[in-house]
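*Asks:* this one's structure only:
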């Protein structure tokens, strides 16, 4: 059966036919696009329910984590208003008192344990959240508060007591002590957090995702016009893959999920072989077979590797999470077996190393057809961008950082000059790179139009414009969240633009993002999506 | 429990296999970060079960991947099955974070941190801006340093290596090997030595001679590894509460690498305290007339004035009452 959709305007992201009003769909694929004259031969019936709406290609979230769906089982305590999968807005909490109050309400009905998430001490003059604050919430059950970075967890006295840490004489770089010599409740870094995870019921291996979490994540996607989303670090054990295959195959599952293999047990050829096995299991709605490698840590956590050797505030250089030898090995085998690698680099030294490894792997290999991507890629200068272009490596920028942490990057991490060049979308386009931009949800909220706004305006929380020369045009930003993102995920032949033969994935918008100023991008409201011809209306808050 | 660290290619796996081949009939559990990085001698493996390799003589090898804490908890429940536990860190990780985590698991105690150094690539690693700080941080956390592959360097140059390692980690005992041939006895002997509380001499360390390459002077501008650490020595004429001093040193966290203080305690007896990696030892020096002084090695990025002010003010014995109050 052929469906014909009519919209007020359709932006196709296909340079050969930039706009249209009618689009004909069969079996989830676009079979004709243009005006009524171009499609009327296919069917007499035209669906006019969208005549007031604007279609764009369904947005592609280029770097997110499906586990955001499971976060919403816990209590949101962030500084900014945030919508949950049902569209209910959780007001941002502006003080420690407000956070305690919200958790206390939940604690009154909670049993077992209680976890909040999303707080960022950066917005409270960097004050610590201690066990004394959380003891106000409860002294009877363990209470934990996961920071927005996910690298720090604050817990109450009860939680410390349960794991035997509420005592004198603890010596650990990740366990902060109070003036009384006892741990103050702040646990930093993976080792310290791993101690507490199980007793909070918060699986800190935030990689996998269950059926309920996958459904919630998909609902968030629909609300933001996303039809294809990435899941950027999944151990993809056999059990997890079975769950994901089953859940994404449900008839009303509304997104295409691209889940990347992140393994800490495998490296080199074994890692790439595992990806090859996974690739064969791919379905229309679950795409497997790409690999994620993590080269360094995060800039705001002072664990990213910087070429300058130290941070603006004097903190020493960050940490390597992989060796050069492992990186090189992975790239060599990826070329041999035609597997895509996404490398996480935040610092420029990490990007430099990854580029060097790709170059060496290409020299060693007779295969040069690849689609390697550098993820986050926050600190790159012209030198690195030119090298990326030479090697045909694309970059996926963590542009939401400019808004959420830009002020802090200027003040503490890299200094004002380098902060102004973070996530340099305009320079990357000038050098002819393919680029995408992303949210890294749940680190920042999943919302491609907001992400596009960040790339066009580069405004920080405090209202400063961080690096105006790196702002890109609305059309470039919207391209980055559709075709650009599809390119980095290796799906540009299927999605990312609206043309005959591609999937019928649309973001259904209530206003036209091209017709107003760039600052309006974040205000555009999303009605829902059409995914492979199936219509999904965003859930409205009740 | 023994931790084995060292940069990639230094000879950690060789050491591991050597120890597994010569177990003195003890049952050894081995935890490795990643089977991809390690190649346990196939001739030693009896059977494989998930992420656990069973090895001849009641030994086993298990990969901990991203969950070291879970592996440590598992080991702590199987203590009666094993006499010794070896943990091999990944080539780029810093052993000190793991060393601190071990004692937080009930029943576990770390004896020794062994760091293996590849003598052939030692100077080039210190010169490489990508990895020098990682290598320095690894070596600084050792109790025992294995200077490996010494057959690849000139005998006449060994002394330069040894004194360099001594500067980077004054308290560690250094063995030279060709293929990581260190015995259990040498590892265990060392723990005994530290039990005897021998005080290593760390006086005379200055930032100038922390990292100096023989013949070539300091590393290139901009990436000078020496600038990572700095040191300061000062007279300490007052009386100090040594327990409070030890705690004050620990509170400096990773800002402070090493410290040694010789001074009077509350009662007017001469004491020495030696501090490294979140541990301190206090020694009684009796009534010997030695000049009182302190040496502190800290990160170059911190302000030494406020660091030292905090240490001194919280350990002056006259402030004790206010601390207690």
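*Replies:* Nice, thanks for sending it over. Just so it is clear, the structure is predicted and the values come from calculations on it, not from any experiment. Residues are numbered from 1 along each chain as shown, chains lettered A, B, ... in the order given.

*Asks:* Residue A:336 - how many residues pack around it?
*Replies:* Using other Cβ atoms under 10 Å in any protein chain shown, residue A:336 has 15 other residues around it. All C-beta spots, glycine's among them, are computed from the backbone N, C-alpha and C.

*Asks:* Three-state assignment for it, please.
*Replies:* helix (DSSP: H, G, I helix; E, B strand; the rest coil).

*Asks:* Compute the number of surrounding residues for residue A:139.
*Replies:* Residues contacting residue A:139 under the criterion other Cβ under 10 Å number 12.

*Asks:* and the gap between it and chain B?
*Replies:* 23 Å (Cβ to the nearest Cβ, to the nearest Å).

*Asks:* residue of the stretch 151-300 of chain A with the smallest distance to chain B?
*Replies:* When scored by Cβ to the nearest Cβ, the stretch 151-300 of chain A has residue A:267 as its residue closest to chain B, at 3.3 Å.

*Asks:* Where does pLDDT dip in the stretch 201-325 of chain B?
*Replies:* Applying pLDDT under 70 to the stretch 201-325 of chain B flags residues B:201-231, B:254, B:257, B:276-277, B:286-290, B:299-301, B:318-325.

*Asks:* Can you list the residue ranges for helices in the stretch 401-542 of chain A?
*Replies:* A:416-419, A:425-430, A:448-457, A:474-479, A:485-488 (DSSP state H, counting those that start in this stretch).

*Asks:* residue contacts, residue 70?
*Replies:* I went with chain A, as the question did not name one. Shown in contact with residue A:70 (Cβ atoms under 8 Å, 6 or more residues apart in numbering or on different chains): A:209-210, A:212-213, A:216.

*Asks:* oops, I was thinking of chain B
*Replies:* A:194, B:64.

*Asks:* 7 Å - rerun?
*Replies:* The contact partners of residue B:70, by Cβ atoms under 7 Å, 6 or more residues apart in numbering or on different chains, come to none.

*Asks:* Then residue A:394?
*Replies:* Contacts for residue A:394 (Cβ under 7 Å, 6+ apart) come out as A:373, A:433-435, A:487-488.

*Asks:* what comes into contact with the helix or strand hosting residue A:222?
*Replies:* Assigned by DSSP states H and E, residue A:222 belongs to helix A:211-223. Outside helix A:211-223, the residues that touch it by Cβ under 7 Å, 6+ apart are A:66-70, A:72, A:83, A:85, A:87, A:229, A:243-244, A:247-248, A:253-255, A:446, A:526, A:528-529, A:536, A:538-539.

*Asks:* Flag whichever of the contacts of residue A:70 scores worst on pLDDT.
*Replies:* Least confident by pLDDT among these: that is residue A:209, with 83.

*Asks:* hang on, isn't that residue packed against residue A:64?
*Replies:* No: taking contacts as Cβ atoms under 7 Å, residue A:209 lies outside contact range of residue A:64: 11.4 Å.

*Asks:* How many residues are close by the closest residue to residue A:38 other than its chain neighbours?
*Replies:* Leaving aside its sequence neighbours, residue A:38 sits nearest to residue A:32 (Cβ to Cβ, 6 or more residues apart in numbering or on different chains; 5.7 Å). Residue A:32: 19 surrounding residues under other Cβ under 10 Å.

*Asks:* ok so residue A:32 is a strand residue?
*Replies:* Yes: assigned with three-state DSSP, residue A:32 falls within a strand.

*Asks:* which one is residue B:314 nearest to, not counting chain neighbours?
*Replies:* For residue B:314, ignoring the flanking residues on the chain, the nearest one in space by Cβ to Cβ, 6+ apart is residue B:248 at 4.4 Å.

*Asks:* In what element of secondary structure is the one you found found?
*Replies:* Here residue B:248 is assigned to helix B:242-251, by DSSP H and E.

*Asks:* quick one: whichever helix or strand comes after that helix to chain centroid distance?
*Replies:* Next along the chain after helix B:242-251, taking DSSP H and E as the criterion, comes strand B:256-265. On the basis of Cα atoms, centre = their mean, to the nearest Å, strand B:256-265 sits 18 Å off its chain's mean C-alpha point.

*Asks:* elements contacting strand B:256-265?
*Replies:* In this structure, strand B:256-265 packs against strand B:239-240, helix B:242-251, strand B:270-276, strand B:293-299, with contacts taken as 3 or more Cβ pairs under 7 Å, 6 or more residues apart in numbering or on different chains; DSSP states H and E.

*Asks:* What residues of that strand count as buried?
*Replies:* Across strand B:256-265, burial judged by 16 or more other Cβ atoms under 10 Å in any protein chain shown covers B:256-265.

*Asks:* shouldn't the residue nearest to residue B:314 be in contact with residue B:311?
*Replies:* Yes: counting by Cβ under 7 Å, residue B:311 is a contact partner of residue B:248 at 4.6 Å.

*Asks:* ok, back up a step: quick one: which of the contacts of residue A:394 is nearest chain B?
*Replies:* Nearest to chain B among the contacts of residue A:394, with distances taken as Cβ to the nearest Cβ, is residue A:373, at 21.6 Å.

*Asks:* And the residue in the stretch 151-300 of chain B positioned nearest to chain A, how close does it get to residue B:292?
*Replies:* Residue nearest to chain A within the stretch 151-300 of chain B: residue B:278 (4.0 Å; Cβ to the nearest Cβ). Here the criterion is Cβ to Cβ, to the nearest Å. By it, residue B:278 lies 24 Å from residue B:292.

*Asks:* What of residue B:159?
*Replies:* Distance, residue B:159 to residue B:292, by Cβ to Cβ: 32 Å.

*Asks:* These two: which is more packed in?
*Replies:* Under the criterion of other Cβ under 10 Å, the comparison of residue B:159 against residue B:292 puts residue B:292 first, with 18 against 10.

*Asks:* how much space between the more buried one and residue B:245?
*Replies:* Separation of residue B:292 from residue B:245 (Cβ to Cβ): 13 Å.

*Asks:* Residue A:522 now?
*Replies:* 55 Å.

*Asks:* And these two? Which one has more around it.
*Replies:* Between residue A:522 and residue B:245, counted using other Cβ under 10 Å, residue B:245 has the larger neighbour count: 27 against 18.

*Asks:* As a check, name the ranges of all helices in chain B.
*Replies:* In chain B, helices defined by DSSP state H lie at B:12-21, B:68-77, B:95-101, B:122-127, B:132-140, B:158-168, B:184-195, B:242-251, B:304-315, B:320-324, listed in chain order.
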